[in-house]
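Student: sharing a sequence plus its predicted fold:
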Amino acid sequence: MWRCLFLALGLFTCIVGAECLAVQKFVLKKRVAVESPSDWRASSETKAGPQREIVPYEWAPWSLMSVGAVVSLYTFTIPRRLAGK
């Protein structure tokens, strides 16, 4: 179970690093629900809320990919170390 958990975390970190390498900035938009007071069964409408920009540092993609690769490769040695080899 631990092996699968760390493998998933390592792969996720590698993927996030690759995304940071390909993208200059991330823009997160918050959607705010607006409910209609006349009909409670009607579907709620949404309007755009405040935006948040995330600009990754220059060192972030390479660091994330290298840490993810090390963690992923480390998971393949866990069964051998537990067996005493």
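Tutor: Sure thing, it's come through.
Student: against Gln24, how distant is Ser72?
Tutor: 26 Å (C-beta to C-beta, to the nearest Å). Any C-beta I mention is one placed from the backbone N, CA and C, and that applies to glycine too.
Student: so which of these two has more stuff around it?
Tutor: Shown here are Ser72 and Gln24; by other C-beta atoms under 10 Å, Ser72 has more neighbours (18 against 7).
Student: give the contact list for that one.
Tutor: Residues in contact with Ser72 (C-beta atoms under 8 Å, 6 or more residues apart in numbering) are 6-7, 10-11, 14.
Student: out of those, what pair is the most spread apart?
Tutor: Phe6 and Cys14 (12.6 Å; C-beta to C-beta).
Student: out of these two, which sits in the more crowded spot?
Tutor: Cys14 (19 against 15).
Student: wait, that one touches Trp62, no?
Tutor: No: judged on C-beta atoms under 8 Å, Cys14 makes no contact with Trp62 at a distance of 11.2 Å.
Student: including secondary structure, pLDDT and distance to Ile54, could the contacts of Ser72 go into JSON lines?
Tutor: Converted to JSON lines, the contacts of Ser72 look like this (DSSP: H, G, I helix; E, B strand; the rest coil; pLDDT from 0 to 100; distance: C-beta to C-beta, whole Å):
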{"residue": "Phe6", "secondary structure": "helix", "pLDDT": "92", "distance to Ile54": "26"}
{"residue": "Leu7", "secondary structure": "helix", "pLDDT": "94", "distance to Ile54": "26"}
{"residue": "Gly10", "secondary structure": "helix", "pLDDT": "96", "distance to Ile54": "22"}
{"residue": "Leu11", "secondary structure": "helix", "pLDDT": "97", "distance to Ile54": "21"}
{"residue": "Cys14", "secondary structure": "helix", "pLDDT": "96", "distance to Ile54": "19"}
